[in-house]
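*Asks:* fold the following.
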Amino acid sequence: MTQIFVSHASNDAECAEQIRQGLEAKGYSIWREPASLSLESILYPRTIENVILSSAAVILVWSSSAAQ
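*Replies:* Sure thing, here's the model as predicted:
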């Protein structure tokens, strides 16, 4: 199954979730950030980097919130 990374600002979580659900309905595997991984964690940057590098595609939800 092809893994896709969906990147979004926290204010765009609802939009990103709709994208995820649509892709999952088509058989794609969408990476979801574990609740145990926080932005403050020293592992956060490395984890995100590894997931992006191992994904077949990255979808960026761009909005005014993301631009800020």
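
*Asks:* my guess is residue 16 contacts residue 62. True?
*Replies:* No - between residue 16 and residue 62 there is no contact under Cβ atoms under 8 Å: 11.2 Å. To be clear about C-beta, it is placed using only N, CA and C from the backbone, and glycine gets the same treatment.

*Asks:* neighbour count for these two, which is higher?
*Replies:* Neighbour count, other Cβ atoms under 10 Å: between residue 16 and residue 62, residue 16 has more, with 18 against 12.

*Asks:* apart from its neighbours in sequence, what residue is nearest the more buried one?
*Replies:* Of all residues not flanking residue 16 in the chain, residue 8 sits nearest, at 3.9 Å (Cβ to Cβ, 6 or more residues apart in numbering).

*Asks:* quick one: low-confidence ranges for the chain?
*Replies:* Within the chain, the stretches with pLDDT under 70 are 1-2.

*Asks:* which stretches in it count as helices?
*Replies:* Residue ranges of the helices in the chain, as given by DSSP state H, are 13-25, 44-54, 64-67.
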